[in-house]
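Colleague: Mind looking at a prediction? Sequence and model below.
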Amino acid sequence: PTVEVLNHLAASPPSEHVGLLMPGELFNKANVDTLLASKLSVAGLIVMADDAPSGGQSPADKNPQAAIRGVSPSSSFEWNPAGSSLNDMSFTFGIVHIDAAESAVVLQRAQENEDRLRDGSFAHHAVQFDYAMSASGNSIDCLKRRTCLPLGGYSVWGSLHAVKNDSRATIMATAQLDANAFFHEMAYGADQSVSGTVALLAAATALSKVPSFASAAATPKRLVFAFFTGEQYAYVGSRRFVSELRAFTCDRSASDGTCRQPYRPDLTFRDLRLSSIDAVLELNQVGLNGTDVFAHTTKPANAKSLALKQTLQHVAASLSDTSVQDAAASTPGLPPSSMTSFVAADSSIPGVVLTDHAGAFKNQFYSSRYDAQVDTATVCKAATLTARTLYNLTMDAQGKASVQNGISADCVLVSKLIECLTKDFGCATVRALLPAAASPSGPLSHYTSVYLIRDHSTVTGLSAFVKAYLSSLSSNSSVHYHAAVDPDIDFDTTSQTWLVNNASSASPLWTESFWGKGVRTRLFKRDKPVVEVLLMVFGVLSVGFTYLAVRVLRSYCHNKFKVV
């Protein structure tokens, strides 16, 4: 419907359930509110394919994940001005998105219905929405009833050198793997997550080709890369990682050196310590600006964070097409980022979050299905800046400046990685590292999905690719998975249930319900109501006739053959 038709339906709703076909550009908070406020009995909503709107549209909050980041509810700063909070709404009916080809078919059927109704005839095209969810109540309830699973996945962390338990200071370079969208299968996250992921992979690649860095038995400071998933849902990846660096207890060890309770098949992370982190450099949204990159810190920033920012600006001075600018003075501090997990654990940890926005997001499609494009050159510049800065922070060799200034990211590689992670995950770059079964062709959704306890050899998707890619950069690489699941819960391997360790936590606990069998949207033709009534009457008469026939036959058999 158009806005006018939608308003008319809401004001004068038909008596029967209706399935609505809505142009994609009309699927927004205002029109959804109109539907929910009306007495229209909606059986389901089908949203058609469309192009990105010119004015921007984001279904996330204007201040994303403010509560988990410790932001005061009274804070008036809006990181995401286009945000509508549509993602936070609940619905009693199914909502599905269809592609362009499907839109043409369904639109034709809807038009036939309208034409028939206009002629006083019967609309015979119907739709059925089957989207039964098993869970009810809150996340704690459904975990206890085993009708849902926690959101999350597997983060990836590692180094281009062997990870050893030693006293060296640690430099951490991080990015986010996951993105979000109202339709989870369309969480492309080109700027939201892919830009930072690609820039950090390209920076790692550039460093792996520097002889003095790659051949070093151990760099003066340890460089650790971390790619967190589950960040769009209370930062479960970075929060879990940070919490286990700070304190981890294995309640039941196995003979092979792994932990059985809680289940951790890889305990290499115990060779890292939160207290040894000397700096955190996060690549957040870095795909849309051009020449300027903006450095965000806590407010007030500690001395080491300011020194890290100055190092970035010093390194940028060696680049003719990139500069590092201060974040806007109006910002309250860190933007929505994994860095907040480190600061929440230890406020003295120095860190900078690099972005393409000085204040409010430049990305007008944050957490939206429209976030599908970034500028390759901009991402490549961020990668070069990051590689040179990480070399500066971790090395203290003679002639460091001349080596540092010779490091550059491969922009062709950056272009390929962006193409793979936004348009075709079955590309040659991915297929070279993952089997075809683990790298399906077509656009990859970066929705984190649910956390499944599994052998690490069975992890698939983007996490598997990032781990394989980092591992391929050096024969000395040490790369690992880390559980990305809310740190307030753990799985009891004995009772096979999820245990909530901190039910009073202020952090939201995100879960996804088990779905019923046969989840689908079905289009079909139905008969006129009079035909349906006649069929029902015929069915009743048939049952009645059958019943009478059985009674007569039983009476005959009883009298003739003396059987019951």
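Modeller: That came through, no problem.

Colleague: what does stretch 113-125 rub up against?
Modeller: Contact with stretch 113-125 is made by 109, 110, 112, 523, 524, 525, 526, 527, 528, 529, as judged by CB atoms under 8 Å, 6 or more residues apart in numbering. C-betas here are computed from N, CA, C, even on glycine.

Colleague: Could I have the ChimeraX command that selects the buried members from the residues you listed?
Modeller: Buried residues among the contacts of stretch 113-125 (16 or more other CB atoms under 10 Å), as a ChimeraX selection:
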select :109,110
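
Colleague: which among the contacts of stretch 113-125 gets closest to residue 342?
Modeller: Closest approach to residue 342 among these (CB to CB): residue 523, at 49.7 Å.

Colleague: Is the closest one bridged to anything, and to what?
Modeller: residue 127 (DSSP bridges).

Colleague: Could I get the pLDDT score of it?
Modeller: Here, the pLDDT recorded for residue 523 equals 91.

Colleague: from what I can see it touches residue 109, true?
Modeller: Yes: the pair residue 523 / residue 109 is scored as a contact, 6.7 Å apart, by CB atoms under 8 Å.

Colleague: just how off-centre is the helix or strand that contains residue 417 within its chain?
Modeller: Element membership of residue 417 [criterion: DSSP states H and E] is helix 411-422. Using CA atoms, centre = their mean, to the nearest Å, the mean C-alpha position of helix 411-422 is found 19 Å from that of the whole chain.

Colleague: what do you get for stretch 555-564?
Modeller: Counting by CA atoms, centre = their mean, stretch 555-564 comes out at 71 Å from the chain centroid.

Colleague: start to end distance for stretch 21-38?
Modeller: 17 Å (CA to CA, to the nearest Å).

Colleague: any idea of the mean pLDDT in it?
Modeller: Stretch 21-38 comes out at a mean pLDDT of 92.

Colleague: that older thread, so what touches the helix holding residue 417?
Modeller: The contact list for helix 411-422 (CB under 8 Å, 6+ apart) reads 188, 190, 194-195, 197-199, 201-202, 205, 372-374, 376-377, 379-380, 383, 427, 429-430, 443-444, 446, 462.

Colleague: how about low-confidence regions in the chain?
Modeller: 1, 70-75, 397-399, 506, 528-532, 562-564 (pLDDT under 70).

Colleague: longest single helix anywhere in it?
Modeller: Longest helix of the chain, by residue count under DSSP state H: helix 529-561.

Colleague: Can you work out which other helices and strands pack against the host helix or strand of residue 8?
Modeller: Per DSSP H and E: residue 8 is located in helix 3-11. Where contact means 3 or more CB pairs under 8 Å, 6 or more residues apart in numbering; DSSP states H and E, helix 3-11 is packed against strand 18-22, helix 29-37.

Colleague: What residues sit buried inside it?
Modeller: Buried residues in helix 3-11, counted by 16+ other CB under 10 Å: 6, 9, 10.

Colleague: same deal with stretch 205-224?
Modeller: 205-208, 210, 213-214, 216, 219, 221-224.

Colleague: Could you report the neighbour count for the nearest residue to residue 301 once chain neighbours are set aside?
Modeller: Of all residues not flanking residue 301 in the chain, residue 309 sits nearest, at 7.6 Å (CB to CB, 6 or more residues apart in numbering). By other CB atoms under 10 Å, the residues close to residue 309 number 21.

Colleague: quick one: the helices in the stretch 51-200 of the chain?
Modeller: For the stretch 51-200 of the chain, the helices defined by DSSP state H, counting those that start in this stretch occupy 100-118, 139-145, 195-208.

Colleague: same thing with the stretch 201-350 of the chain?
Modeller: Applying DSSP H, counting those that start in this stretch to the stretch 201-350 of the chain gives helices spanning 211-214, 236-246, 303-316, 339-345.

Colleague: Which strands or helices does the third one pack on?
Modeller: Helix 303-316 makes packing contacts with strand 277-283, strand 292-296, strand 323-326, strand 351-355, helix 376-394 when contacts are defined by 3+ CB pairs under 8 Å, 6+ apart.

Colleague: Looking at these, which is nearest to residue 50?
Modeller: That would be helix 376-394 among the helices and strands packed on helix 303-316, by CB to CB, at 25.1 Å.

Colleague: gap between that closest one and the chain center?
Modeller: For helix 376-394, the distance to the chain centre is 25 Å (CA atoms, centre = their mean).

Colleague: CA-only coordinates of that helix, as PDB, when you get a sec.
Modeller: Extracted C-alpha coordinates of helix 376-394, given in PDB (Å, rounded to 0.1, in the frame of the first residue of the first chain):
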ATOM      1  CA  THR A 376      37.800   1.100  -0.900                       C
ATOM      2  CA  ALA A 377      40.400   3.900  -0.900                       C
ATOM      3  CA  THR A 378      39.300   5.100   2.500                       C
ATOM      4  CA  VAL A 379      39.500   1.600   4.000                       C
ATOM      5  CA  CYS A 380      43.000   1.100   2.500                       C
ATOM      6  CA  LYS A 381      44.200   4.400   3.900                       C
ATOM      7  CA  ALA A 382      43.000   3.300   7.400                       C
ATOM      8  CA  ALA A 383      44.800   0.000   6.900                       C
ATOM      9  CA  THR A 384      48.100   1.700   6.000                       C
ATOM     10  CA  LEU A 385      47.800   4.100   9.000                       C
ATOM     11  CA  THR A 386      47.000   1.100  11.300                       C
ATOM     12  CA  ALA A 387      49.900  -1.000  10.000                       C
ATOM     13  CA  ARG A 388      52.500   1.800  10.400                       C
ATOM     14  CA  THR A 389      51.100   2.700  13.900                       C
ATOM     15  CA  LEU A 390      51.200  -0.900  15.100                       C
ATOM     16  CA  TYR A 391      54.800  -1.200  13.800                       C
ATOM     17  CA  ASN A 392      55.700   2.000  15.700                       C
ATOM     18  CA  LEU A 393      54.100   0.700  18.900                       C
ATOM     19  CA  THR A 394      55.600  -2.800  18.900                       C
END
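
Colleague: All set now, cheers.
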